[in-house]
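[1] need a structure here:
(one chain, ligands or ions: 1)
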Amino acid sequence: MLPSYAVYLMALAALARRSRQGASGAGSRPVQKIILFEPSVGPERVRSIVEECGGKLRKSLPIINGAACVFPEEATAMSLLSRAGEVAWVEDDFVIHIAGACFFIPRPRPWPRKQTVPWGITRVRAPEAWGSATGRGVRVAVLDTGIDMSHPDLKANIEGGFDCINETTDVVDDNGHGTHVAGTIAALDNDFGVVGVAPEARLYAVKAFDSRGQGQVSDIVQGMEWCITNRVQVINMSFGTADSSRALTVAINKAAEAGIVMIAAAGNDGRRDGVLYPARDPNVMAVTASTRDDRIASFSNSGTQVAVAAPGEDVYSTYRDGGYKSLTGTSMACPHVAGVVALLLSASPGLTRDDVREVVCGTATKLPGFSLDQQGSGLVNAGAAISRVRRSA
Ligand code: CA
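    Next comes the predicted model:
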């Protein structure tokens, strides 16, 4: 599989990353690593290899035949290099950030007594699809800070979840970001609050990000594993990092093999050729943010990986503690697309991952004045997408 020199290359990359981050050279602090083992190493050997190398197992990650571990210092972790026949890869278990909380617009809004349809829901033409598709029964995971499980405008659609940080099914959103994302996908169509793109989709709260919006690669990988095991069909990933991770790439490949449609935020740095991972991965659909006047938001990262654009400015949705809030970012654009995918899968359950991508991109509306790198195929269009699959049914 991987040549053994890959381990040495990875060690160099890890050292380069640490120097980029300005880490002190003392090397005496505990370090967190993800280890990928050779295929010949079974799960029963994992703990002993880690302990023989002076580390402590934090969690096993079977989908990547790997483990998250803590070592007392960098030098001890590097002793893994002597296990070239068993250890395929070692990388830092680094922190990834959610992609949107920094764009909070602190504008107080009264809680809507009557249900309002947020502008983004209308703009992606979701109401045009609702006559024939509402996302009913489609299993969508929000891999994020959790979801407010008792939010009255979400509760009936929440099927379950898992907190990868504390390894419990008792999920709490102590940030708000995940609850916001969930509302854009599937807030209930009732007589109060807001409504999501796919108001009858089933939501799963997979928490890998803490109250500050930070999550470790290992927790994200574990969340993806949970999604595969629980036969989730769509994963919304409103987070990103400029650093690649082999562990994350392998997990994405496994989810793709399981047929899961993955949608991710392009990122909010306004950078050319700056699409972040996991959006940058070819198995993931990268989403940029559009504005109320149908422009691409200046904060959106662009690049050849961009699949489509969706509303990401001043997006009103559900929030923690039963609330509602407006947020801005590619994090908010991403769930509009996840919702459209849920609509498609409810209208036509036999669609493959490739079919979904082709229909979503093939029915998007080009925004004049913006390049392919900025908008991909254009603004996602739920009405047109549903019409297309109904015509071909
Ligand atoms: Ca509602």
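
[2] SS state for whichever residue of the stretch 101-250 of the chain sits closest to the ion?
    Nearest to the ion, among the residues of the stretch 101-250 of the chain, is G193, at 3.9 Å (CB to the ion). C-beta: built from backbone N, CA, C; applies to glycine. Using DSSP: H, G, I helix; E, B strand; the rest coil, the structure places G193 in coil.

[3] Quick one: neighbours of the spatially closest residue to it that is not a sequence neighbour, just the number.
    Spatial nearest neighbour of G193, chain neighbours left out: D153 (3.8 Å); criterion: CB to CB, 6 or more residues apart in numbering. Burial of D153 is recorded as 29 neighbouring residues (other CB atoms under 10 Å).

[4] wait, what's in contact with D153?
    Counting by CB atoms under 8 Å, 6 or more residues apart in numbering, D153 makes contact with G183, A187, L188, N190, F192, G193, V194, T318.

[5] Got a PyMOL select line for the buried ones in those?
    Buried members of the contacts of D153, defined by 16 or more other CB atoms under 10 Å, are picked up in PyMOL with:
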select buried, resi 183+187+188+193+194+318
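
[6] Put together CSV for the contacts of D153, with pLDDT and distance to N65 on each row.
    Output for the contacts of D153, formatted as CSV (pLDDT from 0 to 100; distance: CB to CB, whole Å):
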residue, pLDDT, distance to N65
G183, 98, 36
A187, 98, 38
L188, 98, 40
N190, 96, 45
F192, 95, 48
G193, 95, 44
V194, 97, 42
T318, 96, 38
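
[7] Can you give me the separation between the most centrally placed residue in the chain and R136?
    For the chain, M237 is the residue whose C-alpha lies nearest the centre (CA atoms, centre = their mean; 1.2 Å). Distance check for M237 against R136: by CB to CB, to the nearest Å, it reads 23 Å.

[8] Can you get me the start-to-end distance on stretch 238-249?
    16 Å (CA to CA, to the nearest Å).

[9] next one: that stretch to chain centre, how far?
    In this view, stretch 238-249 has its centroid 10 Å away from the chain centroid, taken as CA atoms, centre = their mean, to the nearest Å.

[10] Make residue 1 into 521 and carry on from there
    New numbering, starting at 521: the last item is stretch 758-769.

[11] Can you report how many residues neighbour T642?
    T642 has 12 nearby residues by other CB under 10 Å.
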